[in-house]
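sequence? don't have it. structure:
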């Protein structure tokens, strides 16, 4: 079992930045970590993923260049640095974990946090 707790969400103006954190506990060894987001009335969508070693990261084109994912295994924490935020980035951001290689499919992730709200105003 893996427990995940996200933090760092908030309200910012367009162009601003936020840094989300996700602290993991339990059986965290060799876990891939991912960030997903869900806006009202929409499906949960992939934002970023990082391998256990941190050597492989994945981000969609919409986030690449603006978002950065990183992790500190000594602290069991994964981060999502978000810059140049846009109103369309408004959503609840969820941290997910899975054993195995990073994927972009939310159904591949076995464990989820409760989410943290990010609101970007224009």
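The structure has been received and is ready for your questions. These numbers come from a predicted model, not from an experiment.

C-alpha from now on. contacts and neighbour counts both.
OK.

contacting residues around residue 26?
Residues counted as contacts of residue 26 (C-alpha atoms under 8 Å, 6 or more residues apart in numbering) are 1, 2, 3.

Are any of these buried, and if so which?
2, 3 (16 or more other C-alpha atoms under 10 Å).

Just the strands from the protein, written as ranges.
2-7, 10-13, 18-26, 31-38, 45-50, 57-58, 67-72, 77-82, 91-99, 111-112, 116-121 (DSSP state E).

can you tell me how far the spatially most central residue of the chain sits from residue 17?
The chain has residue 35 as the residue nearest its centroid, 2.2 Å off, counting by C-alpha atoms, centre = their mean. Distance, residue 35 to residue 17, by C-alpha to C-alpha, to the nearest Å: 16 Å.

right, and residue 119 touches residue 8 too?
No - counting by C-alpha atoms under 8 Å, residue 119 stays clear of residue 8, with 11.6 Å between them.

more crowded one of these two?
More crowded of residue 119 and residue 8, by other C-alpha atoms under 10 Å: residue 119, with 19 against 15.

lowest confidence element among the helices and strands of the protein?
Taking mean pLDDT, DSSP states H and E as the measure, strand 57-58 is the helix or strand of the chain with the lowest mean score, a mean of 90.

Quick check: residue 34 touching residue 96?
Yes - using C-alpha under 8 Å, residue 34 makes contact with residue 96 at a distance of 5.0 Å.

neighbour-wise, which of the two wins?
A count of neighbours by other C-alpha under 10 Å puts residue 34 above the other of residue 34 and residue 96, at 31 against 28.

OK, contacts around the closest residue to the more buried one other than its chain neighbours?
In space, and not counting its chain neighbours, residue 34 is closest to residue 49: 4.0 Å by C-alpha to C-alpha, 6 or more residues apart in numbering. By C-alpha under 8 Å, 6+ apart, residue 49 lies in contact with 32, 33, 34, 35, 57, 58, 59, 69, 102, 103, 104.

Now do the fifth one: how many residues are near it, please.
Read that as residue 57. Number of residues near residue 57 (other C-alpha under 10 Å) recorded here: 19.
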